[in-house]
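Undergrad: Please work out how this folds:
(2 chains)
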Amino acid sequence: MTGFTSWRLPAYASLAAAGVVAGLALGRVEPVALAAPFLLALVAAAAGHDPEVSVRLRLDRDRALEGDEVTATIDLFSAADVDRFEVVLPLPPELSVDGGPARAVRLQAGEARTIELTLSCDRWGAFALGPLLFRARDLLGLRSWEGDVGKAQPLRVYPSEETIRSLVAPLDTQVFAGNQVSRARGEGIEFADLREWQPGDRLRRVNWRATALRGALWVNEQHLERNTDVVLFLDTFAEVRVEGRSTNDRAVRAAATLAHGYLQRRDRVGLVGFGGFLSWLVPASGTRQLYAIVDTLLTSSVVHSYALRDVDVLPPRTLPPKALVLAITPLLDSRTATALLDLRARGYDLIVVEVSPLELLVPDAASAAGLAHRLWRLQRDALRWRYEQVGVPVVTWREGVPLAVPLEEVNQFRHLARPA
Amino acid sequence: MPGAALGGIVLVASLLVGGFGLGAALFLAGGTYVAAVVSAGHGVDASAPLVAVLLLLSGELSAWSLDERWRIRPEQPLSWRRGAALAALALGGLGLAALVVALAAVPAGHGLALTAAGAAAAVGAAGTGIWVARR
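TA: As a prediction, this is how the structure comes out:
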């Protein structure tokens, strides 16, 4: 704790001294009369004493969703009177408090007080709240004591998820049991075909109608239910951010939504953060993987870099064979395009979800910026054409449109176009 | 008057830039008053205590307005308490300044007791200054 004096104290002391000296020098009483109130103020300031306050910060929870409210409780106890005790909880821009994060109270000797701040989680992220900053002042604010107290309290705000009714089905499945109907045949639920009976087939699989028609035993075959490997490829090279809205924010929400959806149906989901800062998670399943993916997404941010990157830097287990790669990208950086086309050339089942930045940048059509905007849009159209030429569906997710819409477009694309 | 006007301008300007130069504004105003009183020559100006309290209130209210810029939500009684303390300080300062002016009206050489009281007051003022400085 550090003690401070207000600028007024030296000013008042100087005024008082100047008044007394001027009174003596000039032989007048008026300068001494001017000095008198300031001398009284100095005496009032000297009556102040060091505070003895204990402060503690606690949060009612350490995990929340976007849009939730978290209560921060500040417990105060003072052994002596404090005329004015100010405490502030420094907050990142993603969190807000109605009325500001600073409060001032009066503490009496032996009194315990509690201050509650309701934090609004406006945006996802991983935060460390604290330490608390405090300042104790005397009644007129002539003397103060400042310091900080407490440890940082972690708070994780998870991104809100979009509502989606169906997910994109991958072209190939893996060997483990899951909820996805695979092309392979065996014991399952969905009917696949009929074949002749072979030793070892179970009696319950016999198709009696076909048997009666053909005069020999015929059995049903079903499609197996298998799981799939899904890799979420998040482009973090660049973003467009305007007044708190950002393509990276929407991309993270989309990744969290898709991870939750695929993990719920027992698929294995991995994550690749491809940008200035490279991060990856090997595909796995279960709730633990969901928390691992979301925790990684919380720390994903756009880091500007001029380094060349390609998919060779990723560990092989990050991109298993026959995995569905869902790339979520604003199509701003050519390095991501190169990496994705490389993945397609290696035979991965690739889908590109473009997080459109066009709604964030609307220039004046009559100015030169309008012409540049048109050229930029043409460049983006050319890039989409390159993807489509190699059989990669590219869907655009515009701001204000549910994520389910572009996902349904992918399903329609796949329904109409057979992959090579 | 030009000094007072300059002091007022400095006061307004310092409030706009966050308080830098407020002490100078008070000095200018006080010095202007002293110069005016000295140049007037005769007698004791009975309004000196009032001028002193107004100077003090200028400084205190300016500081209070600057404190409010911190956007710290206080409990309602805190503002009332500060206002009450300021009023008490102003009244006390007015009384003390008036006492000083009243004592100056007493003729010199009026007795040993008065001389001793004056010496005690001078020692007390110096001692108070030392105590404040040590605190």
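Undergrad: Stretch B:76-93 - what's its average pLDDT?
TA: For stretch B:76-93, the mean pLDDT works out to 90.
Undergrad: CA atoms only for that stretch, dumped as PDB, please.
TA: Only the C-alpha atoms of stretch B:76-93 are listed here, as PDB (Å, rounded to 0.1, in the frame of the first residue of the first chain):
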ATOM      1  CA  GLN B  76     -25.200   8.200  -1.500                       C
ATOM      2  CA  PRO B  77     -24.100   9.100   2.000                       C
ATOM      3  CA  LEU B  78     -20.500   9.600   0.900                       C
ATOM      4  CA  SER B  79     -21.300  12.700  -1.100                       C
ATOM      5  CA  TRP B  80     -23.400  14.100   1.700                       C
ATOM      6  CA  ARG B  81     -20.500  13.500   4.200                       C
ATOM      7  CA  ARG B  82     -18.000  15.200   2.000                       C
ATOM      8  CA  GLY B  83     -20.300  18.100   1.500                       C
ATOM      9  CA  ALA B  84     -20.900  18.400   5.200                       C
ATOM     10  CA  ALA B  85     -17.100  18.200   5.900                       C
ATOM     11  CA  LEU B  86     -16.500  20.900   3.300                       C
ATOM     12  CA  ALA B  87     -19.100  23.100   4.900                       C
ATOM     13  CA  ALA B  88     -17.600  22.500   8.300                       C
ATOM     14  CA  LEU B  89     -14.200  23.400   7.000                       C
ATOM     15  CA  ALA B  90     -15.500  26.500   5.400                       C
ATOM     16  CA  LEU B  91     -17.200  27.700   8.500                       C
ATOM     17  CA  GLY B  92     -14.200  26.900  10.700                       C
ATOM     18  CA  GLY B  93     -11.900  28.700   8.300                       C
END
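Undergrad: Only the buried residues of that stretch, if you could.
TA: For stretch B:76-93, the neighbour count (16 or more other C-beta atoms under 10 Å in any protein chain shown) marks B:Leu78, B:Arg81, B:Arg82, B:Ala85, B:Leu86, B:Leu89, B:Ala90, B:Gly92, B:Gly93 as buried. Backbone N, C-alpha and C define where each C-beta goes, glycine included.
Undergrad: Would you mind pulling the contact partners of that stretch?
TA: A:36-38, A:40-41, A:44, A:83-84, A:104-106, A:139-141, B:49, B:52-53, B:56-57, B:60-61, B:64 (C-beta atoms under 8 Å, 6 or more residues apart in numbering or on different chains).
Undergrad: next one: that stretch to chain centre, how far?
TA: For stretch B:76-93, the separation from the chain centroid amounts to 15 Å (computed by C-alpha atoms, centre = their mean, to the nearest Å).
Undergrad: Likewise for stretch A:171-191?
TA: 34 Å.
Undergrad: Mind listing residues that contact that stretch?
TA: Under the criterion C-beta under 8 Å, 6+ apart, residues A:169-170, A:192-193, A:205, A:220-229, A:265-268, A:320, A:322, A:324, A:349, A:414, A:419 lie in contact with stretch A:171-191.
Undergrad: 7 Å instead?
TA: Stretch A:171-191 has contacts (C-beta atoms under 7 Å, 6 or more residues apart in numbering or on different chains) with A:169, A:192-193, A:220-229, A:265-267, A:322, A:349, A:419.
Undergrad: What are the buried residues along that stretch?
TA: Result for stretch A:171-191 [16+ other C-beta under 10 Å]: buried residues A:Asp172, A:Thr173, A:Gln174, A:Gly178, A:Gln180, A:Val181, A:Ser182, A:Gly188.
Undergrad: ok, now which ones touch A:Asp229?
TA: Going by C-beta under 7 Å, 6+ apart, A:Asp229 touches A:Gln174, A:Arg268, A:Pro283, A:Pro320, A:Lys322, A:Ala323, A:Leu324.
Undergrad: doesn't A:Gly286 make contact with the second one?
TA: No - in terms of C-beta atoms under 7 Å, A:Arg268 does not count as a neighbour of A:Gly286; the distance is 9.1 Å.
Undergrad: Give me the subset of the buried residues of stretch B:76-93 lying in strands.
TA: With DSSP state E as the criterion, strands contain none of these.
Undergrad: What count of nearby residues applies to A:Pro330?
TA: 26 (other C-beta atoms under 10 Å in any protein chain shown).
Undergrad: Which residues of the stretch 51-200 of chain A lie near chain B?
TA: A:Arg84, A:Glu86, A:Gly99, A:Gly100, A:Ala102, A:Arg103, A:Ala104, A:Val105, A:Arg106, A:Leu139, A:Leu140, A:Gly141 (C-beta under 7 Å from any C-beta of the partner chain).
Undergrad: what's the farthest-apart pair in these?
TA: Pairwise distances across those (C-beta to C-beta) peak at 24.7 Å, for the pair A:Gly99 and A:Leu140.
Undergrad: more neighbours, those two?
TA: Shown here are A:Gly99 and A:Leu140; by other C-beta under 10 Å, A:Leu140 has more neighbours (21 against 11).
Undergrad: Secondary structure class of the more buried one, three-state.
TA: coil (DSSP: H, G, I helix; E, B strand; the rest coil).
Undergrad: so who does it touch?
TA: By C-beta under 7 Å, 6+ apart, the residues touching A:Leu140 are A:Ala44, B:Glu60, B:Arg82, B:Ala85, B:Leu86, B:Leu89.
Undergrad: okay, these in a markdown table with distance to A:Arg214 next?
TA: What follows is the contacts of A:Leu140, written out as a markdown table (distance: C-beta to C-beta, whole Å):
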| residue | distance to A:Arg214 |
| --- | --- |
| A:Ala44 | 110 |
| B:Glu60 | 107 |
| B:Arg82 | 100 |
| B:Ala85 | 105 |
| B:Leu86 | 106 |
| B:Leu89 | 111 |
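Undergrad: And those residues, which is closest to A:Arg61?
TA: B:Arg82 (37.1 Å).
Undergrad: Counting residues, which helix of chain A comes out longest?
TA: Longest helix of chain A, by residue count under DSSP state H: helix A:368-389.
Undergrad: Quick one: name whatever helix or strand follows that one.
TA: Counting by DSSP states H and E, the next helix or strand C-terminal to helix A:368-389 is strand A:394-397.
Undergrad: now for the helix or strand that that following strand is followed by, which elements pack on it?
TA: Tracing the chain past strand A:394-397, the next element assigned as helix or strand by DSSP H and E is helix A:404-416. Using 3 or more C-beta pairs under 7 Å, 6 or more residues apart in numbering or on different chains; DSSP states H and E, the elements in contact with helix A:404-416 are strand A:394-397.
Undergrad: In helices, which of the contacts of stretch B:76-93 appear?
TA: Per DSSP H, the subset of the contacts of stretch B:76-93 in helices is A:36-38, A:40-41, A:44, B:49, B:52-53, B:56-57, B:60-61, B:64.
Undergrad: Would you quantify the distance from the residue in the stretch 251-400 of chain A that chain B sits nearest to to A:Leu91?
TA: Closest residue of the stretch 251-400 of chain A to chain B, C-beta to the nearest C-beta: A:Ser301 (28.8 Å). Separation of A:Ser301 from A:Leu91 (C-beta to C-beta, to the nearest Å) stands at 18 Å.
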